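**Q** Quick one, what's the 3D model for this:
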Amino acid sequence: MTAAATRTVMQMTARPETSLDTPLSPMSKQSSSYSDRDTTEDDSESLEDMDFLSRQKKLQAEAKLALAMAKPMAKMQVEVEKQNRKKSPVADLLPHMPHISECLMKRSLKPTDLRDMTLGQLQVIVNDLHSQIESLNEELVQLLLIRDELHMEQDAMLVDIEDLTRHAESQQKHLAERTLSK
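**A** Numbering: from 1, shown residues only. Sure thing, here's the model as predicted:
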């Protein structure tokens, strides 16, 4: 693993979690992606010594590594968010039935549990489930908007990369032709 790839992976794991209250703007994501590319003097010297194709291969390998790490990192983040999810307020309203509160958190209530409850307790559970559905729907909408922003940003970056690659290849070809003609 190269030093830059290691640094990228470390930065991915060290990034603070963002809440839905503070959505990422394309500019903040863009500036953070530029900071991932910061290099030390040793890295920049080694990059200058390489030709275009070897630099491209090195950057592609680093990108593949970062992409390979993305799925496990996302799974870990989902698990952390599940653990951080607040306890249902219904658990506080049903202290004499701790197994019910636990079942609500796991969403595995049995008909026998529900039969032993009063109408008021059942209404509290229904209201709690409706509020959870509403908040999860709002969270889903926010996440879909963020995903769409990220897809648009990714598409723009891919177009930029293609343009830069074409330009660099034409420059390299032009330089090679110039050196051959001398």
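**Q** Kindly provide the distance from residue 72 to residue 82.
**A** Computed as C-beta to C-beta, to the nearest Å, the residue 72 to residue 82 distance reads 16 Å. Backbone N, C-alpha and C define where each C-beta goes, glycine included.
**Q** hang on, I meant residue 153
**A** 27 Å.
**Q** So for the two, which sits in the more crowded spot?
**A** Comparing residue 153 with residue 82 by other C-beta atoms under 10 Å, the one with more neighbours is residue 153, at 15 against 8.
**Q** Now that one: which helix or strand?
**A** Assigned by DSSP states H and E, residue 153 belongs to helix 119-181.
**Q** can you check residue 109 too?
**A** Residue 109 belongs to no helix or strand, assigned by DSSP H and E.
**Q** ok, it to residue 122 distance?
**A** 10 Å.
**Q** Point out where the protein drops to low pLDDT.
**A** Counting by pLDDT under 70, the chain shows low-confidence ranges at 1-50, 83-107.
**Q** so what are the domain limits for it?
**A** Segmentation of the chain into domains, based on automatic domain parsing, reads 1-15+34-85, 89-182.
**Q** quick revisit: by contact count, what packs against the helix holding residue 153?
**A** Packed against helix 119-181 by the contact rule (3 or more C-beta pairs under 8 Å, 6 or more residues apart in numbering; DSSP states H and E) you find helix 26-36, helix 52-84, helix 90-93.
**Q** hmm, 7 Å instead?
**A** Packing contacts for helix 119-181, counted by 3 or more C-beta pairs under 7 Å, 6 or more residues apart in numbering; DSSP states H and E, involve helix 26-36, helix 90-93.
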